[in-house]
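[1] Got a predicted structure here, sequence first:
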Amino acid sequence: MAPVLVLWLAVCLSVTWAVDRGNFKTCDQSAFCKRQRALKPAESPYRALLETMELTNTRLTLQLINDNNKVRLLLELYRLQGNMTRVKINELKPLKPRYEVPDVLIREPPTEPLSLLSQDENGVVLSLGAESQRVIVSARPFRLDIMEGRDVLMSLNSRGLLAFEHLRMRKDTFSYKVTSTVASVWDNIKRVFSSQVEPEAEKKEEGDPANQSETTKEEEEKVEDGMWEETFKSHSDSKPNGPSAVSLDFSLPGVEHVYGIPEHADTLRLKTTDNGDPYRLYNLDVFQYELYNPMALYGAVPVMLAHNAQRTTGIFWLNAAETWVDISSNTAGKTVFGKMLDYVQGSSETPQTDVRWISESGIIDVFIMLGPTPNDVFSQYASLTGTQSFPPLAAVGYHQCRWNYNDQEDVTSVDAGFDEHDIPYDYIWLDIEHTDGKRYFTWDPHKFATPKEMLQGLMDKKRKMVAIVDPHIKVDSNYKIHNEIRSRGFYIKNKDGGDYEGWCWPGSAGYPDFTRADMREWWASMFAYDQYEGSMENLYTWNDMNEPSVFNGPEVTMHKDAVHGAWEHRDVHNLYGFYVQMATAEGLIQRSGGVERPFVLTRAFFAGSQRYGAVWTGDNAAEWEHLKISIPMCLSLGLVGISFCGADVGGFFKSPSTELLVRWYQTGAYQPFFRAHAHLDTPRREPWLFGPENTALIREAVRQRYALLPYWYQQFYHAHRTGQPIMRPLWVEYPQDPATFALDDEFLIGRDLLVHPVTEEGARGVTAYLPGKGEVWFDVQTFQKHNGAQNLYIPVTMSSIPVFQRGGSIIPKKIRVRRASSCMMHDPYTLYVALNPQRTAEGKLYIDDGHTFNYEKKEFIHRRLSFTNNILSSVNLAPDAQFTTQSWIERIVILGASKPSTVTLKTADGKESQLEFDFDASMSVLTLRKPGMNAGVDWNVMLQ
């Protein structure tokens, strides 16, 4: 009976809780993916024509020929500054231009000289400069290997899966028949006069594939279903340009762990795809998404990192069309015992991961980031696409959201509830119901009749609001925004040239063409205070539904044959959300005259979206597995530059148990973007609605977040300056420790805080891996010291959030938590100094005004805090910067200390004073009380 019951339960659960997979394509239902996946390895038709090679100081160009259809491609190879290589492949003579992604790169990447080392009829060898790195281009079949010494770091087309579907004319069209007839007549004319042609010239013309008629090449090419028209459910894709897919394979010798290519609700370490669909990158509004599968979600960042104990590398596939990524490995499926058996038997097979990228249109434009360290790869990628925007300090605090707060009275009541229950927060959010009939940039005249009065009430408490502005615009002749967009011709067009219309929250909606710079400029101008009626400087913005979501479109998105000027939507799809957030952020900057930093949350994103604000993991559910998956989802985003990530605390769909809600607050308090959100149909869940005990637990989690704001803010500044992730996997800091490579139930914030949230229902304990042989970690609550390189079992209660500070670090906190972050601006700091076994520690303190771009004018404080030889000192890291603070140091807590006989403070003016201290011998904790020096000046504290 048991198996029958299990089957029945599985069926019931799948009915009540599962994405409707039928709404979304599999690879088999996506014609280009199916075509490309059918290609067999080791049968590459591509050959490098070495005689066409041209080498300048900045690039190599080389023609490739497909020996099956004689179509030529142009390969461009660049050596870029910072240990990167760029490979571009396009048609040599395309029928029309192919799309190349603009605006994602922050500049044209600077190049370094390439030099030729050797050449013969089989290929060429080029130097990549440092450390005996070189590129080997093999001619037949075409293959590209990047080597360092004797090691192959990466190979391109080693499996022979390069494919480039050239643009062509459809054979059953009138224009094709005319072209064929003209070509045939021309061939006859040439034959008549052939006796007058020099024999050598005739031979050359016949043998040169570039001179052959395009139509002749295609006669032998098979026309497959879906090449010229494709149907999915009731939707037809006219495909006016025919097949245009591109594909390339990469081999990574010595690699078993690859990461990245968000967004997927899956583990941090990417799985092999041999027995299922590839990972899909295609921005979609996926209602009630499933976990642990490769289906596409709201965003797409085509960046993959590969890591082993020796090296980290990255691949950035710059293509905005629908993309699928296949991953295979020669060690996949082998058990630990199987690997041990290989070792014992002397098996010499090197682990290898093979990756294949398949995109529907565009060109091949790939950046190979050669590391060698994780931080090198982050720097390399940041040099291409920019770093995480530096948010206002308040945005790093707690956000309270719901679909929807009903009216102004509701907002006032919720705001007062936080004060009544002594829970800090910075932003309260309004979803779509705040508008006048889903017309964005407006307010419901009955429920939000006096928005400025509401905003002023929040401002009086130093709090802020976020209101939603979606990119689908209600088709309504009485709506100013719609009329302006239509009159300016800014809407995306349908294939027949009319304005594209789809169904979304307002009903029939148009979709502005954000790929146009003039459209983005106009959109930005709509955020001006005199345009966005009722807005004030403490109103910020949330862009939802910007995949774009089209309720009655194929796969709940826009038809691929919709038109953006010269390009089809299929070419630009994954860029749409990127452009919406870009234009919105620019609007918030412009409204303040370029003074204030914006805050914009987006659901859809692409490479480079980090420059414009925050993202969240979309419409999750109040289930334990969704709490768990929030960790690898945000870790994956951090690895590809998007650090400002969070998940809806409590889950968007369904209602959480009180235990789940508390655990989610405890987890969310240690993720970069900290926002609670809930669906319209769920019961209210403000933090004080679950009884005094749970209110106290949630209050404590939120207060821990606020106490740590100085550390969080320092991490955001560091991410903005360097591109390094804030929330990061352990392997980033411990790259040679294989025990960290697949961990995704714990993480680091910066280098110095390790967090292992409790994500199991009814948990009595968790096992955390503390990395670092010879290192120590301190429990931040008890100050108990633990050795690194061990799995530590930690008993937990409902109040437990297992967090550890790395020995060797100094972390600043503000213990006096107030109702909002701005209220804590001038409050004093407590420094937590955690000593390593060598009795040293180091940290940083960053202070600015918390909200303007004045830090770019050197208006900030940046200090190095260090403890060595029993002296704790503060030294200026930015002597040319100018900023003053009223904050002072009110306490110093030294973990792993010995008891001193005296403690002396020496300030910059040479004055010395004795400090009071307490010493807890049982925990080796030394506390210095009220040393009193200003946080922005030089000082030394000497223990004797």
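    It's in. Residues are numbered from 1 along each chain as shown.

[2] So which residues of the stretch 1-150 of the chain form helices?
    2-16, 31-37 (DSSP state H, counting those that start in this stretch).

[3] Pull the residues that contact the shortest one.
    With Cβ atoms under 8 Å, 6 or more residues apart in numbering as the test, helix 31-37 has contacts from 27-28, 161, 163, 165, 224-227, 230, 243, 245, 247, 278, 322, 324, 326, 358, 360. The C-beta positions use only the backbone N, C-alpha and C, and glycine is treated the same way.

[4] returning to what we had before: mean pLDDT lowest where, among the helices of the stretch 1-150 of the chain?
    Of all the helices of the stretch 1-150 of the chain, mean pLDDT reaches its minimum on helix 2-16 (a mean of 35).

[5] Show me the shaky parts of the chain.
    1-18, 130-131, 173-221, 333-348 (pLDDT under 70).

[6] what pairs with the host helix or strand of residue 368, and is each one parallel or antiparallel?
    Assessed by DSSP states H and E, residue 368 sits inside strand 364-369. Strand pairing for strand 364-369, using DSSP bridges, gives strand 84-91 (antiparallel), strand 312-317 (antiparallel).

[7] quick check: angle from the next helix or strand along the chain from it to strand 364-369?
    The helix or strand immediately downstream of strand 364-369 is helix 374-385, counting by DSSP H and E. Interaxial angle, helix 374-385 versus strand 364-369 (axes from the mean of the first three to the mean of the last three Cα atoms, to 10 degrees): 140 degrees.

[8] Just give me how far helix 374-385 sits from the chain centre.
    Averaged C-alpha coordinates place helix 374-385 at 13 Å from its chain's average position (Cα atoms, centre = their mean, to the nearest Å).

[9] Repeat that for stretch 125-143.
    That offset, for stretch 125-143, works out to 31 Å (Cα atoms, centre = their mean).

[10] again with stretch 244-259
    19 Å.

[11] measure that stretch end to end?
    28 Å (Cα to Cα, to the nearest Å).

[12] Over to stretch 230-242?
    End-to-end for stretch 230-242, by Cα to Cα: 10 Å.

[13] Quick one: residues in contact with it.
    With contacts defined as Cβ under 8 Å, 6+ apart, stretch 230-242 is touched by 22-23, 25, 29, 31, 96, 165, 167-168, 170, 227-229, 361, 495, 553-555, 559-561, 568.

[14] before we move on, the earlier item: any idea which of the strands paired with strand 364-369 gets closest to residue 876?
    strand 312-317 (32.9 Å; Cβ to Cβ).

[15] Point out the ones among the contacts of helix 31-37 that are inside helices.
    Among those, no member falls in helices (criterion: DSSP state H).

[16] Going through those residues, which ones are buried?
    27, 161, 163, 165, 226-227, 230, 243, 245, 247, 278, 322, 324, 326, 358, 360 (16 or more other Cβ atoms under 10 Å).

[17] Mind exporting the C-alpha coordinates of stretch 301-309 to PDB?
    Extracted C-alpha coordinates of stretch 301-309, given in PDB (Å, rounded to 0.1, in the frame of the first residue of the first chain):
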ATOM      1  CA  VAL A 301      23.800  36.500 -16.800                       C
ATOM      2  CA  PRO A 302      25.800  34.500 -19.400                       C
ATOM      3  CA  VAL A 303      28.800  34.200 -17.200                       C
ATOM      4  CA  MET A 304      30.300  30.900 -15.900                       C
ATOM      5  CA  LEU A 305      33.200  30.400 -13.400                       C
ATOM      6  CA  ALA A 306      35.300  27.300 -13.400                       C
ATOM      7  CA  HIS A 307      37.300  26.400 -10.300                       C
ATOM      8  CA  ASN A 308      39.800  23.900  -9.000                       C
ATOM      9  CA  ALA A 309      42.500  24.000  -6.300                       C
END
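
[18] what separates it from the chain centre, distance-wise?
    Computed by Cα atoms, centre = their mean, the separation of stretch 301-309 from the middle of its chain amounts to 13 Å.

[19] that older thread, please identify the most buried of the strands paired with strand 364-369.
    Among the strands paired with strand 364-369, strand 312-317 has the highest mean neighbour count (mean count of other Cβ atoms under 10 Å), at a mean of 25.

[20] As CSV, the strands paired with strand 364-369 with distance to residue 837 would be great.
    Below are the strands paired with strand 364-369 laid out as CSV (distance: least, Cβ to Cβ, whole Å):
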stretch, distance to residue 837
strand 84-91, 38
strand 312-317, 27
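
[21] Quick one: residues contacting residue 477.
    Applying Cβ under 8 Å, 6+ apart, the residues contacting residue 477 are residue 483.

[22] I meant to write residue 393 there.
    Counted by Cβ under 8 Å, 6+ apart, residue 393 has contacts 709, 713, 821-822, 850-851.
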